[in-house]
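> predicted model and sequence follow; I will ask about them next.
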Amino acid sequence: MPTKEYYEEKDITKLYQEVIEKLLTIIYEAEEEEEEESLSTFSRFFKKPVFRVLEETTWPPWPWPPWGGDDEPRTPSERATQHAKKIIEFERFLAQVSLDLDILYGNPYATYNPVSVRNLSQTISQVNFETYFTAFAPRNYPQKIIVTSYEYAKKLGQLLDDTPAQIVEAYLVTRAALELSPHLGLETEAWKAQRTLVEALQGIKKGAVGDRGEYCVEKVEEAMGFAAGRYFVNETFGGDSRERGEQVILDIIEAFKHSLDKIEWMDEESANAAKKKVTLPSYQTVLVIMFTLSHQAENIRVKVGYPLSPNTTNAASIANYYSTVKIEGDKFFENMLSAA
């Protein structure tokens, strides 16, 4: 849920658990149907019931244990009910150990915690962060990253140790279902389930649905923002406006660096430290200007107007960036998955 405080509201938590239960029931029933279809094919292939084949060819006897388990849920609905309850407990613990909003958004010192990737991997041993980062970043990615709360990382590692694998899996499945179900049709049970939660959390009138055209434009921007933004860039940034804007920023950076050496009350060591650690505020003029500070003032990356990776003005660069995205006119859900 959006903030930790929601877990203290019984009505909202109850609704949230019901939505999770409904989504998991839909998923588990679909899995069971696929399994039954697979077993049916298996039976036809061997010309005898599947359970007979398994009884004759496996050891220990199948199913095992032969007497079942009194506490094990037997139907998709029972599994969903049990897992939904455990997921709420899992999330409530995560909420309890997370930072309060006033610290999260109002205390930059408390949320600035440099940690080596190796240490983080040891703290949350269930996740190989080195492999994870390698998949999304160059292999020479920084060996230190900024963690909002190292205490949270430690608590998360302990929680994952204490939580059965099937509950962690159900939690991840639930997160995916809540994220993707809005892309299904309005008449599907999954869409209706998540919609009740959205209405409760956002105060939307029950049954109210926004304009279809606005929704479609929003999803195009969400899925292929660089491609859509290219038309705006072509209309807005003419001539050498970007280059001139970039030169203004470079001049400001250079003037700032020189000014540090002339501050009487600041010694040389402090001035050098300031050059490395100072953060310049971002602001907007006619151009959209953003500063991204690296380790040293000399390495500030200047971003003016529009991105160059991919190059928004270059059709080939945009096409290459979205080369793996497959779009079909009548498959909205699959299109959103492909663009994710």
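Structure's in. What do you need? Numbers count the residues shown, from 1 in each chain.

> low-confidence ranges in the protein?
38-73, 138-139, 238-239, 241-242, 260, 266, 270-304 (pLDDT under 70).

> let's go with 80 and repeat that
Across the chain, the stretches falling below the confidence threshold (pLDDT under 80) are 35-74, 134-142, 234-309.

> longest helix anywhere in it?
Of all the segments assigned as helix in the chain under DSSP state H, the longest by residue count is helix 10-46.

> can you name every helix or strand that that helix contacts?
Contact here means 3 or more Cβ pairs under 8 Å, 6 or more residues apart in numbering; DSSP states H and E; on that basis helix 10-46 packs against helix 50-57, helix 76-97, helix 165-180, helix 189-202. Where you see a C-beta, it was placed from the backbone N, CA and C, and this is true even at glycine.

> now distance to Phe237 too, for the ones you listed, in JSON lines please.
JSON lines is the format used below for the helices and strands packed on helix 10-46 (distance: least, Cβ to Cβ, whole Å):
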{"stretch": "helix 50-57", "distance to Phe237": "65"}
{"stretch": "helix 76-97", "distance to Phe237": "43"}
{"stretch": "helix 165-180", "distance to Phe237": "34"}
{"stretch": "helix 189-202", "distance to Phe237": "36"}
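
> of those, which is nearest Gly157?
Between Gly157 and these, the tightest spacing by Cβ to Cβ is seen for helix 76-97, at 11.1 Å.

> which secondary structure elements does the closest one sit against?
helix 10-46, helix 150-162, helix 165-180.

> which parts of the longest helix of the chain are buried?
For helix 10-46, a neighbour-count test (16 or more other Cβ atoms under 10 Å) marks 12-13, 15-17, 19-28 as buried.

> and stretch 112-123, by the same measure?
Val117, Leu120, Ser121, Thr123.

> so what's the first one up against?
Looking back up the chat, that one is Val117. Each residue near Val117 by Cβ atoms under 8 Å, 6 or more residues apart in numbering is listed here: Phe129, Glu130, Phe133, Tyr141, Gln143, Lys144, Ile145.

> could you measure from it over to Ile145?
As judged by Cβ to Cβ, to the nearest Å, Val117 and Ile145 stand 6 Å apart.

> how is the chain divided into domains?
Per automatic domain parsing, the domain ranges recorded for the chain read 4-99+159-209, 214-235+314-339, 238-304.

> out of these, flag the one nearest Tyr150.
When the domains of the chain are compared by Cβ to Cβ, domain 4-99+159-209 sits nearest Tyr150, at 11.1 Å.

> which one is Glu221 nearest to, not counting chain neighbours?
Nearest residue to Glu221 in three dimensions, chain neighbours excluded: Ala228, at 5.4 Å (Cβ to Cβ, 6 or more residues apart in numbering).

> so which elements touch the helix or strand encompassing the one you found?
Taking DSSP states H and E as the criterion, Ala228 maps to helix 225-236. Taking 3+ Cβ pairs under 8 Å, 6+ apart as contact, the helices and strands that helix 225-236 lies on are helix 212-223, helix 315-321.

> noted, bye for now.
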